[in-house]
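> Would you be able to build a 3D model of this:
(one chain, ligands or ions: 1)
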Amino acid sequence: MQHFLGIEELTAEDLESLLGAAAEIKRNLPSAAPPVPSGRILVNLFFESSTRTRVSFEIAARRLGHEVVNWTTQGTSHEKGETLLDTTATLAAMGPAVIVLRHPAAGAPWLLASRSERGPAEPGGYAVVNAGDGAHEHPSQALLDALTLREQLGTLRGKTIAIVGDLAHSRVARSNLFCLTKLGATVRLCGPAGLRPVGLESLGPPGTVSVHASLEEAIEGVDAVMGLRIQRERLDGGGFIGEAQYRRRYGLTRERLSRLPPHAVVMHPGPLNRGVELTPELADGPRSVILGQVENGIPIRMAILERVMQR
Ligand code: CP
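Here you go, the predicted model:
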């Protein structure tokens with residue numbers, strides 16, 4: 001694995017291997033010795049805001065003994081109009097082993113990877129890790145979600161997961177759809193008509209993905225419900241029914257989830273629009289594994305960095 005770009009291009013074996021490595025890292029973390037400095041540098045290149053992903057990549061890298069440089073759009077030559085490729089070439093000339101990229105354009109990490117002619121272990125070479133590209137993929141989020149679900153449910157094989165909300169703009173939904181179906185789960189997608197693109201069923205193997213207008217139908221008997229953030233920054237005025245109507249028809253509440261099996265859990269990638277996608281009572285309640293998802297970001301991202309750094 002020279003780069004870590006998207007779940008769609010990984011096999012079930014790749015996913016199992018990364019999840020197994022992350023589970024072992026998590027088990028060993030409490031007794032881990034201080035890391036030996038590696039002399040290698042990770043650059044977080046974030047063109048969009050982030051708390052969980054950026055900080056957990058930084059902590060993961062530090063836990064592995066790497067140094068970290070955080071680049072953001074504010075206070076850098078991005079404000080003078082420097083392009084993504086010129087910025088990357090400039091940073092690459094300073095010798096980082098890994099560039100973790102979050103960018104609003106779908107496909108941007110693949111573009112950077114195509115410009116990294118040498119592997120990360122070679123002089124001038126770097127690995128690219130996708131930390132979210134537009135509405136396309138957020139692969140490390142899907143892996144940490146899968147690790148959380150496996151901890152809660154034992155296995156994903158034969159389980160049913162409902163994903164509810166802004167399906168049109170959610171890279172989390174797409175990466176989870178690819179990840180969950182490759183690991184043997186069935187996925188039910190649900191959201192308002194304007195945020196529910198046609199053809200979503202075809203993104204999974206036949207029979208593994210269904211699309212629902214009705215929340216009640218989508219969550220009937222599921223093992224987990226994942227709420228999605230309404231991506232206000234990507235809404236261009238169309239498709240959204242307004243917060244009040246969204247809350248009425250698609251808001252996740254304790255009453256709505258009261259008929260789920262006792263083991264069923266509630267997830268959300270964050271950040272939450274509290275009281276819209278999820279009630280605070282549900283987000284902070286016993287079914288919620290939201291902070292468990294955040295915690296699992298560290299071992300998952302350590303496993304990803306170990307894998308791309310091996311090259
Ligand atoms: N889940 C997620 O990507 O959160 P951040 O935007 O805070 O990184």
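> since we're on Thr83, how many residues are nearby?
10 (other Cβ atoms under 10 Å). Placement of C-beta: from N, CA and C, glycine included.
> can you pull the contacts of it?
Not one residue lies near Thr83 by Cβ atoms under 8 Å, 6 or more residues apart in numbering.
> Can you tell me how far it is from the ligand?
Between Thr83 and the ligand the distance is 23 Å, computed by Cβ to the nearest ligand atom, to the nearest Å.
> For that residue, give me the pLDDT.
Listed pLDDT for Thr83 reads 97.
> Now the stretch 201-311 of the chain against the ligand: closest residue?
In the stretch 201-311 of the chain, the residue that lies nearest the ligand is Pro269 (3.8 Å; Cβ to the nearest ligand atom).
> what number of residues lie near that residue?
26.
> Got the phi and psi for Val276?
Dihedral pair for Val276: phi -110, psi -70, per degrees, to the nearest 10.
> same question, Glu243
Dihedral angles (degrees, to the nearest 10) for Glu243: phi -60, psi -40.
> Name the nearest residue to it, ignoring sequence neighbours.
Take Glu243 and drop its neighbours on the chain: the residue closest to it by Cβ to Cβ, 6 or more residues apart in numbering is Val276, 5.4 Å away.
> contacting residues for the one you found?
Ile230, Glu243, Tyr246, Arg247, Gly251.
> Any residues of the chain in contact with the ligand? List them.
Ser50, Thr51, Arg52, Thr53, Gly132, His138, Gln141, Pro269, Gly270, Pro271 (Cβ under 6 Å from any ligand atom).
> Same question for stretch 205-224: list its buried residues.
Thr208, Val209, Ser210, Val211, His212, Leu215, Ala218, Ile219, Val222, Asp223, Ala224 (16 or more other Cβ atoms under 10 Å).
> quick one: the helices in the chain?
Counting by DSSP state H, the chain has helices at residues 12-28, 52-63, 84-92, 108-115, 139-153, 171-182, 215-219, 243-250, 280-283, 290-309.
> Buried residues, the fifth one. List them.
Using 16+ other Cβ under 10 Å as the test for burial, helix 139-153 gives 139-150, 152-153.
> closest to the ligand among those residues?
Nearest to the ligand among those, with distances taken as Cβ to the nearest ligand atom, is Gln141, at 5.3 Å.
> Let me see the contact set for the closest one.
Thr53, Gly132, Arg171, Val172, Ser175, Asn176, Pro269 are the contacts of Gln141 under Cβ under 8 Å, 6+ apart.
> Nearest the geometric middle of the protein, what residue?
Note on the chain: the residue nearest the mean C-alpha position is Gln141, at 2.0 Å, using Cα atoms, centre = their mean.
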